[in-house]
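J.: Give me coordinates for this.
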Amino acid sequence: MSEDRDLTPHNGGCHCGAVRFEADLPAVVEAQSCNCSMCEKVGFIHIIVPENRFRLTAGADQITTYTFNTGVAKHTFCKVCGVKSFYRPRSNPDGWSVNARCLDTTEGLDLRIEAFDGQNWEVHAAALAHLSKED
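T.: Numbers count the residues shown, from 1 in each chain. Down below sits the predicted model:
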C-alpha cells in the first residue's frame, strides 16, 4: 500500500456504462501490468484493493463471470459490451482488482505501474498479497 493513507473515492465502469463501481484509492497508487495469458490479451492494469474499499454501484445483473485453470480468479465482464473493469484475483481472493483503464479519470492519482511476471505466477504471486490487506 502507499505511504499516503488518505483515501478518495474514484468511479469507473465498463464501456457501455451498464456496470459501475467505486474504489477508495490513495493519492499514490501501486499498480501492476501483468503478462499472464489473460491480462496481456485484455490490457488490464491492476489496482488491487481490499474488499471494503470496493463497491459495485450499478449493473450486478449485467455481469458474467469466467474462470479457468484453478478457478480461484473470478474474471467478471459486462454482458453488454464485454469489458472487464474489475475482478476477483487469484493472488488476492480477499480483495478486488480494478482496471486502471476503466476509471473515469486518473486525474489526481500518482499511478505507479510496475511490471508483474504473471507468466510465472506461482513464483511471484506472494509479492501482491499485501495489496488487499487493510493498513
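J.: So which bits of stretch 97-115 are buried?
T.: 97-100, 102-103, 106, 109 (16 or more other C-beta atoms under 10 Å). (Each C-beta comes from the backbone N, C-alpha and C, glycine too.)
J.: Do you know the pLDDT at the residue lying closest to residue 94 once chain neighbours are set aside?
T.: Nearest non-adjacent residue to residue 94, counting by C-beta to C-beta, 6 or more residues apart in numbering: residue 132, 5.1 Å away. Here the pLDDT value assigned to residue 132 is 89.
J.: Please go through the chain and pick out the longest helix.
T.: helix 37-42 (DSSP state H).
J.: ok, and the helix or strand in this structure with the lowest average confidence?
T.: helix 121-124 (a mean of 84; mean pLDDT, DSSP states H and E).
J.: Strands of this protein, start to end?
T.: In the chain, the segments counted as strands under DSSP state E are 7-13, 20-26, 28-34, 45-50, 54-58, 63-66, 74-78, 86-88, 95-99, 110-116.
J.: So which of the ones you listed is the most surrounded?
T.: Comparing the strands of the chain by mean neighbour count (mean count of other C-beta atoms under 10 Å), strand 95-99 ranks first with a mean of 25.
J.: Now do it against strand 45-50, angle only.
T.: Between strand 95-99 and strand 45-50, the angle comes out at 150 degrees (axes from the mean of the first three to the mean of the last three C-alpha atoms, to 10 degrees).
J.: Report the rounded mean pLDDT for stretch 89-102.
T.: 95.
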